[in-house]
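Q: coordinates only, sequence not included:
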């Protein structure tokens, strides 16, 4: 039998086609991996598995009572997230949740080229002494949701007066708005304001609580003329597009393209003022995502609050300040001021980033007695240890495959498992053809995967699986030899 196998090996290596077949197979496998279209990874945005990575942030509230729709600032290495392929260069492919995907939260990313940026996470609700876990899902090209500003009641934005803001006719303001559940208080809050209250001139857009009701009055004002619509509480918690237009002499209020109300003001034009343009004064439980200000279809100002347009300039608790870039040609950048004391929040844990699905393994209870010491595999054999970002192999292979501009649009663990697994099988073929000893071949096949696991690129259970195969195959051969 051994002579027969040896003869087959000799014929194998003498055949020029079969001799290089393993090399050809590995090259074709690599070609197919690199040719995979990126959008095959993500089928949508409705499932956790549509995202590649996740990070959990655990917050404890040490204040009093119960708070709703407040924001906590989490220091974030935005630059590293981009460079390591966890998010795209524009940081659009993110989703924040609390509990489940049906309970999304607003996350305000900013300073995306900084290693010390402060991202704001919405806390939907938390009571004194309790904790809440906020999860950030990352890397889904189909998640193109515009981020917005969560107004918490003590925030405001403004831009100094400019003559171009005095729109006398054909005013058109578009607003992407989400009003959330929560006590709005009794004070009138500002959506958009370019108005002189002393002379009752200019234009403004407000939300006014209705006593004894959860509903709100949305009031649009031109000089001393107002036009009201009621926003029912049943319309809260949904993203809507509102428009406030003034076409002499009418105020027109629209929602998602449908007219809610038209009011004849009897005015020929809007009186110009010298006041700054303000956004969000006294506004709470509300997210504004986009603002478009037009004069006769000409863009005057456009603020979309995307991550690359948000810059924090001062962070001295409780006051946080920064700018939101104007995307029109007029450079009317908004300056924001957030009055958000952070002293009542304790960040108990910011988890390392793991691939989605890897945290579904149920861990042993915290009280389990440790009888083997510190695990060399990190917290769980189902997830990689923190990935190595130095060394020759990382510089030549890993960085280019995962984080480079031509990197594969797929979870890094999958890419490295296919690559190192294919390399291991390539070695195993030649070891088997030389020795015909299966356990040794399987051992060689697992070496590249073990190298990847040690460097944090592959989950540890994969080389452990190969180790079990080596042992089982050895026992199988021993059993066969006994017959």
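A: Ah, there it is. The structure displayed is predicted, hence computed values, not measured ones.

Q: for stretch 184-192, which positions count as buried?
A: Residues 184, 189-192 are the ones in stretch 184-192 that count as buried (16 or more other C-beta atoms under 10 Å). No exception for glycine: its C-beta is placed from N, CA and C like everyone else's.

Q: Narrow those residues to those in strands?
A: The members of the buried residues of stretch 184-192 that map onto strands under DSSP state E are 189-192.

Q: Take the residues you listed and lay them out in JSON lines including pLDDT and distance to residue 443.
A: Output for those, formatted as JSON lines (pLDDT from 0 to 100; distance: C-beta to C-beta, whole Å):
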{"residue": "189", "pLDDT": "97", "distance to residue 443": "68"}
{"residue": "190", "pLDDT": "97", "distance to residue 443": "70"}
{"residue": "191", "pLDDT": "98", "distance to residue 443": "67"}
{"residue": "192", "pLDDT": "97", "distance to residue 443": "69"}
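
Q: Dump these to a markdown table, plus distance to residue 355.
A: Output for those, formatted as a markdown table (distance: C-beta to C-beta, whole Å):
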| residue | distance to residue 355 |
| --- | --- |
| 189 | 42 |
| 190 | 43 |
| 191 | 41 |
| 192 | 43 |
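
Q: can you tell me which of those lies nearest to residue 86?
A: The nearest member of those to residue 86, counting by C-beta to C-beta, is residue 191 at 34.5 Å.

Q: I'd say the closest one and residue 277 touch.
A: No. Contact criterion C-beta atoms under 8 Å: residue 191 and residue 277 do not qualify, at 11.5 Å.

Q: what sits in contact with each of these two?
A: Listed contacts common to residue 191 and residue 277 are nil; contacts here mean C-beta atoms under 8 Å, 6 or more residues apart in numbering.

Q: Tell me how many other residues surround the nearest residue to residue 210 once chain neighbours are set aside.
A: Leaving aside its sequence neighbours, residue 210 sits nearest to residue 217 (C-beta to C-beta, 6 or more residues apart in numbering; 6.1 Å). Other residues near residue 217 number 16, with proximity taken as other C-beta atoms under 10 Å.

Q: Give me the pLDDT value at residue 198.
A: Note on residue 198: pLDDT of 97.

Q: Equivalent analysis for residue 357, please.
A: Here, the pLDDT recorded for residue 357 equals 65.

Q: Ok, residue 207 next?
A: Listed pLDDT for residue 207 reads 98.

Q: list the contacts for the nearest residue to residue 148 once chain neighbours are set aside?
A: What sits nearest to residue 148 in space, not counting adjacent residues and going by C-beta to C-beta, 6+ apart, is residue 289, at 3.5 Å. Contacts here follow C-beta under 8 Å, 6+ apart; on that basis residue 289 touches 146-149, 176-178, 239, 304-305.

Q: one more time with 6 Å
A: By C-beta atoms under 6 Å, 6 or more residues apart in numbering, the residues touching residue 289 are 146, 148, 176.

Q: That one and residue 312: what is the separation?
A: Distance of residue 289 to residue 312, given as C-beta to C-beta, to the nearest Å: 19 Å.

Q: for residue 446, what are its contacts?
A: By C-beta under 6 Å, 6+ apart, the contact list for residue 446 reads 463, 466.

Q: again, only using 10 Å
A: By C-beta atoms under 10 Å, 6 or more residues apart in numbering, the residues touching residue 446 are 420-421, 424, 428, 453, 462-470.

Q: want to throw those residues into JSON lines with secondary structure?
A: Below are those laid out as JSON lines (DSSP: H, G, I helix; E, B strand; the rest coil):
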{"residue": "420", "secondary structure": "helix"}
{"residue": "421", "secondary structure": "helix"}
{"residue": "424", "secondary structure": "helix"}
{"residue": "428", "secondary structure": "helix"}
{"residue": "453", "secondary structure": "helix"}
{"residue": "462", "secondary structure": "helix"}
{"residue": "463", "secondary structure": "helix"}
{"residue": "464", "secondary structure": "helix"}
{"residue": "465", "secondary structure": "helix"}
{"residue": "466", "secondary structure": "helix"}
{"residue": "467", "secondary structure": "helix"}
{"residue": "468", "secondary structure": "helix"}
{"residue": "469", "secondary structure": "helix"}
{"residue": "470", "secondary structure": "helix"}
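
Q: Now render these as CSV, adding distance to residue 209 and pLDDT.
A: CSV is the format used below for the contacts of residue 446 (distance: C-beta to C-beta, whole Å; pLDDT from 0 to 100):
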residue, distance to residue 209, pLDDT
420, 60, 83
421, 61, 81
424, 66, 84
428, 71, 84
453, 58, 78
462, 58, 77
463, 61, 80
464, 60, 82
465, 61, 77
466, 65, 75
467, 66, 81
468, 65, 81
469, 67, 78
470, 70, 79
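
Q: which of these lies closest to residue 108?
A: Nearest to residue 108 out of those is residue 453 (C-beta to C-beta; 36.3 Å).

Q: okay, now the closest residue in space to that closest one that isn't next to it in sequence: neighbour count?
A: Counting by C-beta to C-beta, 6+ apart, residue 460 is the residue found nearest to residue 453 once chain neighbours are left out, at 4.7 Å. Residues lying near residue 460 (other C-beta under 10 Å) number 23.

Q: right, and residue 460 touches residue 451 too?
A: No. Look at residue 460 against residue 451 with C-beta atoms under 10 Å: they stay out of range, at 11.9 Å.

Q: Low-confidence stretches in this protein?
A: Within the chain, the ranges that satisfy pLDDT under 70 run 1-47, 141-145, 357-413, 478-483.

Q: So for it, which residue is the most central one in space?
A: What sits nearest the mean C-alpha location of the chain, by C-alpha atoms, centre = their mean, is residue 94, with 1.8 Å.

Q: how much space between the nearest residue to that one once chain neighbours are set aside and residue 156?
A: Nearest residue to residue 94, sequence neighbours excluded (C-beta to C-beta, 6+ apart): residue 138, at 5.4 Å. Distance of residue 138 to residue 156, given as C-beta to C-beta: 30 Å.

Q: Check residue 451 too.
A: 54 Å.

Q: Neighbour count: those two, which is higher?
A: When residue 451 and residue 156 are compared for neighbours, residue 156 comes out ahead with 19 against 16, by other C-beta under 10 Å.

Q: ok, residue 150 touching residue 336?
A: No. Using C-beta under 10 Å, residue 150 makes no contact with residue 336, being 11.6 Å away.

Q: what sits in contact with each of the two?
A: Joint contacts of residue 150 and residue 336 (C-beta under 10 Å, 6+ apart) are 108, 280.

Q: More neighbours: which of those two?
A: Set residue 150 next to residue 336 and count neighbours by other C-beta under 10 Å: residue 150 wins out with 28 against 24.
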